[in-house]
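Asker: quick one, what's the 3D model for this:
(chains A and B)
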Amino acid sequence: MSLSAPSRWGLRTLALAYLAALLLVPVGMIFYKTFEHGLAAPVGAITSPNAIHALELTLLMVAIAVPLNAVFGVVCAILLVRHRWWGNGAIDAIINLPFAVSPVVIGLSLFLLYGLGGWFAGFSEAGFQILFAVPGMVLASVFVSVPFVVRETVPVLQEVGTEQEQAASTLGASAWQTFWRVTLPSIRWGVAYGVVLTTARVLGEFGAVSVVSGKISGQTETLPIFVAKQFEEFNYTGAYAGAILLAFLALTALLAMNLLKGKEDA
Amino acid sequence: MAIAVEGAHKRFGDFQALHDVSIDVPDGSLTALLGPSGSGKSTLLRAIAGLEKLDAGRVLIRGEDVSARPAQKREVGFVFQHYAAFKHMSVFGNVAFGLRIRKRSKDQIERRVHELLALVQLEGLADRLPSQLSGGQRQRMALARALAVEPRVLLLDEPFGALDAKVRKDLRAWLRRLHDETGVTTIFVTHDQEEAMDVAEQLVVMNEGRVEQSGTATDLYEHPANEFVMSFVGEVNRLGEHFVRPHDMQVFLDPEVGTVEAMVRRIVPLGFEVRVEVVLADGADVWAQLTRAELQRLELRPGQILHLRPSQARRFSDSLSTAGFGPPGRGSRDDGDQEVSVTAA
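Answerer: Sure, this is the predicted structure:
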């Protein structure tokens, strides 16, 4: 479709205005508010023991949920694309569940399963605390971030096709060698993008995690919960500083992928 | 026999891709599997490679039954129509792939890859990615990759199908030379009869999942087993029950013994030869292939009435009725061919 110069500029302006009003202005405001009175206050707010603990806990969630879902996502995508089976439709639908269901509902469902009288209540009765503790929060994080790697990898696998894998097998490669030397390198950018999205989701997850965490400061408080709590307590500087730290972490993940990709394409 | 397939059956859902197919491929030969699309030729090739599992039948490589072995353990080289290049690897990496899987030493790999790149004339392009090569170069890289591991047989699935006409012709001649140099038993699949006759020593003509006939190009052209082979390998006219090659059509200006009347519809000059399209009294369209000299002697022009007689004709049916075409005249060779006729088995 070709457009005349004025309408092209008109559409550009419209798109930029839309992005500015909905994204840039609110995020910009947070930056402005955070550093309004210099660096000392926000730096102090995010170096407090509770804030540092919240940061560590958030990074722990990422460190557990992201590798888990990356491995699961690649295996699942290969099953869906490469092995035709009558149950594939069901698996495909279930994987989308976390997109369809509100995170709060996910949190509540974990509550029902692991809480008093739940099917898996035995864990906490045996002394292994799941609710109001890190294991429950990890479960919630893994649950909400399941679909990303699968969804990003499936179309890439379909597009790559099976010929390269067949060529590898006629050259003597085992299934395992074919996966590491041919399949994984061909889908790596799909997987990488899925990992970045998973990371961003786990970093920012509030609903599901906050339901199962019990929000105990210095113990089961992740960065998003920390930010919400600071806000409720009218400690705006702390809330803004925490929010910026979160945004910074997510952007770092995105930037890391782009840098790696740029390096390879060069 | 280097390769033998015995009684192969393969079904994809409702589609019978192979129906009791048996072939023998002599050691060191270059054999073409020739047939229209859907004839089962690619399925047969993929079954030999182990990329397709047969429902019934056996695949033997050098007398050894490999039917139960996966592709990985059959020691075949396979070349795909769309190259199947490893896109994330350099040309060197592609060719070295099989050697690295076999854990050869670095020196050995280096030496062998450069040897092969020289053989396929891609020296100096070792560091390129497949995306930086032309189609013909990619296919030569794929051949080098398949040859690197010294396969017992080389299998090519429509290797030139995705290339343009000029490159295809060059690669044909080149493949022929390559085969003469390496001596690897080679089977290649094609739907192009000219390509098959140009490159291969032995042809296997397939149709609807069956082998119609196999033999040398001359065998198939001179002694086709049935109507399908006759019309697939070369041009053919149908005169009632008889099949006649256009160059076996004799053209007369006056009626002779055994001739039929026809009217010239169109005269198409094709360089040295001329194609004379005529219509018979019963409305059937046929054509005769004449030389320029013959055409000049006869002084043919569109609309003219002439008389045709085949110098050689073939019939493949058991029926003795001679619908539309009289008994073959003097010099015709409607000989024992009807004895070798294969009616739908």
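
Asker: which other residues reach the lowest-mean-pLDDT helix or strand in chain A?
Answerer: Ranked by mean pLDDT, DSSP states H and E, the weakest helix or strand in chain A is helix A:122-125, scoring a mean of 79. Helix A:122-125 has contacts (CB atoms under 8 Å, 6 or more residues apart in numbering or on different chains) with A:114, A:130, A:131. C-betas here are computed from N, CA, C, even on glycine.

Asker: what comes up buried for it?
Answerer: A:123, A:124 (16 or more other CB atoms under 10 Å in any protein chain shown).

Asker: output it as CSV, nothing but the C-alphas.
Answerer: The C-alpha trace of helix A:122-125 is given here as CSV (Å, rounded to 0.1, in the frame of the first residue of the first chain):
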residue,chain,number,x,y,z
GLY,A,122,0.0,-32.9,52.9
PHE,A,123,3.1,-30.9,51.9
SER,A,124,2.6,-28.3,54.6
GLU,A,125,1.4,-30.9,57.1
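
Asker: how does chain A divide into domains?
Answerer: Residue ranges for each domain of chain A read A:1-36, A:41-265, as given by automatic domain parsing.

Asker: what about the residue of the stretch 101-250 of chain B found nearest chain A, how many residues nearby?
Answerer: Here the stretch 101-250 of chain B gets closest to chain A at one residue, residue B:101, 4.8 Å apart by CB to the nearest CB. Residue B:101: 18 surrounding residues under other CB atoms under 10 Å in any protein chain shown.

Asker: what does residue A:233 give?
Answerer: 10.

Asker: how about residue A:184?
Answerer: Using other CB under 10 Å, residue A:184 has 14 neighbouring residues.

Asker: that one: what's it in contact with?
Answerer: Here residue A:184 is in contact with A:74, A:191 (criterion: CB under 8 Å, 6+ apart).

Asker: please go through the chain and pick out the longest helix.
Answerer: No chain was given, so I picked chain A. The residue-count maximum for a helix in chain A (DSSP state H) belongs to helix A:49-82.

Asker: nope, chain B
Answerer: Assigned via DSSP H, chain B shows its longest helix as helix B:165-182.

Asker: contacts only, for the residue of the stretch 101-250 of chain B closest to chain A.
Answerer: With contact set as CB under 8 Å, 6+ apart, residue B:101 has these partners: A:171, A:172, A:173, A:177.

Asker: and the residues you listed, which of them are in strands?
Answerer: The members of the contacts of residue B:101 all map outside strands under DSSP state E.

Asker: what about the nearest residue to residue B:227 once chain neighbours are set aside, how many residues nearby?
Answerer: Nearest residue to residue B:227, sequence neighbours excluded (CB to CB, 6 or more residues apart in numbering or on different chains): residue B:316, at 4.9 Å. Counted with other CB under 10 Å, residues neighbouring residue B:316 total 20.

Asker: on the three-state scheme, residue B:316 is what?
Answerer: Under the three-state scheme (DSSP: H, G, I helix; E, B strand; the rest coil), residue B:316 adopts coil.

Asker: just residue B:150 next, same as before
Answerer: coil.

Asker: following element in sequence after the helix or strand where residue B:44 lies, please.
Answerer: Per DSSP states H and E, residue B:44 falls inside helix B:41-49. Downstream of helix B:41-49, the next assigned helix or strand under DSSP H and E is strand B:56-61.

Asker: mind listing what the helix or strand following that next one pairs with, with the direction of each?
Answerer: Sequence order places strand B:64-65 as the next helix or strand after strand B:56-61, per DSSP H and E. Paired neighbours of strand B:64-65 in the sheet (DSSP bridges): strand B:56-61 (antiparallel).

Asker: picking that back up, for the longest helix of chain B, name the packing helices and strands.
Answerer: With contacts taken as 3 or more CB pairs under 8 Å, 6 or more residues apart in numbering or on different chains; DSSP states H and E, helix B:165-182 sits against helix B:106-119, helix B:135-148, helix B:193-199.

Asker: re the thing from before, now the domains of chain A in a markdown table, with distance to residue B:77?
Answerer: Shown next, in a markdown table, are the domains of chain A (distance: least, CB to CB, whole Å):
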| stretch | distance to residue B:77 |
| --- | --- |
| domain A:1-36 | 47 |
| domain A:41-265 | 7 |
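
Asker: pick the most buried one from those.
Answerer: domain A:41-265 (a mean of 18; mean count of other CB atoms under 10 Å in any protein chain shown).

Asker: where does the prediction get shaky in chain A?
Answerer: Residues of chain A meeting the criterion pLDDT under 70: A:1, A:265-266.

Asker: give me every residue in it lying close to chain B.
Answerer: Residues of chain A found near chain B (CB under 8 Å from any CB of the partner chain) are A:163-164, A:166-174, A:177, A:181-182, A:185-186.

Asker: the closest residue to residue A:155 other than its chain neighbours: helix or strand, and which one exactly?
Answerer: In space, residue A:155 comes closest to residue A:190 once its chain neighbours are excluded; the distance is 7.2 Å by CB to CB, 6+ apart. Using DSSP H and E, residue A:190 sits in helix A:184-204.
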